[in-house]
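K.L.:
just the structure for this:
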Amino acid sequence: MDSLVRRLKELDATTFQQLCFQLMDEKYPRAGIRNVEGSAGDEGLDMFRGDLTYGLTIWQCKSFQGSVLGKSQKGQIRNSLLYIAS
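P.N.:
I've put the predicted structure just below:
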């Protein structure tokens with residue numbers, strides 16, 4: 001497992017995004033998952049399915065450099081775990 005973690009940490013931003021998208025597309029092949037277009041300013045990835053009329057499901061894949069998460073990164077993760085009920 002350590003070798004897998006090490007290899008994942010070595011991924012560049014583009015490869016990380018492609019891996020996240022491929023994993024979600026494989027898990028939910030008929031969901032029509034799409035990437036959010038544009039630059040977010042970090043190396044993460046936002047994906048979604050659905051539309052505003054019938055509801056969205058959004059996945060946010062975070063990418064942080066380093067092996068230990070600090071308060072700032074933990075806060076970003078905590079803040080991204082927001083569920084909005086319609």
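
K.L.:
residue 80 and residue 60 touch, don't they?
P.N.:
Yes - Residue 80 lies in contact with residue 60 (C-beta atoms under 8 Å); the separation is 5.0 Å. In this view, the C-beta of every residue, glycine as well, is placed from N, C-alpha and C.

K.L.:
who's more crowded, these two?
P.N.:
When neighbours are counted by other C-beta atoms under 10 Å, residue 80 and residue 60 differ, and residue 60 comes out ahead with 17 against 12.

K.L.:
list the buried residues of the helix or strand where that one lies.
P.N.:
Residue 60 belongs to strand 55-61 when assigned by DSSP states H and E. Of all the residues in strand 55-61, those buried under the rule 16 or more other C-beta atoms under 10 Å are 59, 60, 61.

K.L.:
state the helix or strand in which the residue nearest to residue 56 when sequence neighbours are not counted lies.
P.N.:
With C-beta to C-beta, 6 or more residues apart in numbering as the criterion, residue 56 has its nearest non-adjacent residue at 4.4 Å, and that residue is residue 50. According to DSSP H and E, residue 50 maps onto strand 45-51.

K.L.:
does residue 49 touch residue 56 like I think?
P.N.:
Yes - between residue 49 and residue 56 there is a contact under C-beta under 8 Å: 7.2 Å.

K.L.:
so what touches the strand holding residue 60?
P.N.:
Here strand 55-61 makes contact (C-beta atoms under 8 Å, 6 or more residues apart in numbering) with 16-17, 20, 24, 31, 33, 44-50, 80, 86.

K.L.:
which of the residues you listed are buried?
P.N.:
For the contacts of strand 55-61, buried by 16+ other C-beta under 10 Å: 16, 17, 20, 24, 33, 44, 45, 46, 47, 48, 49.

K.L.:
by pLDDT, give me the weakest of these.
P.N.:
Across these, no position has a lower pLDDT than residue 44, which has 68.
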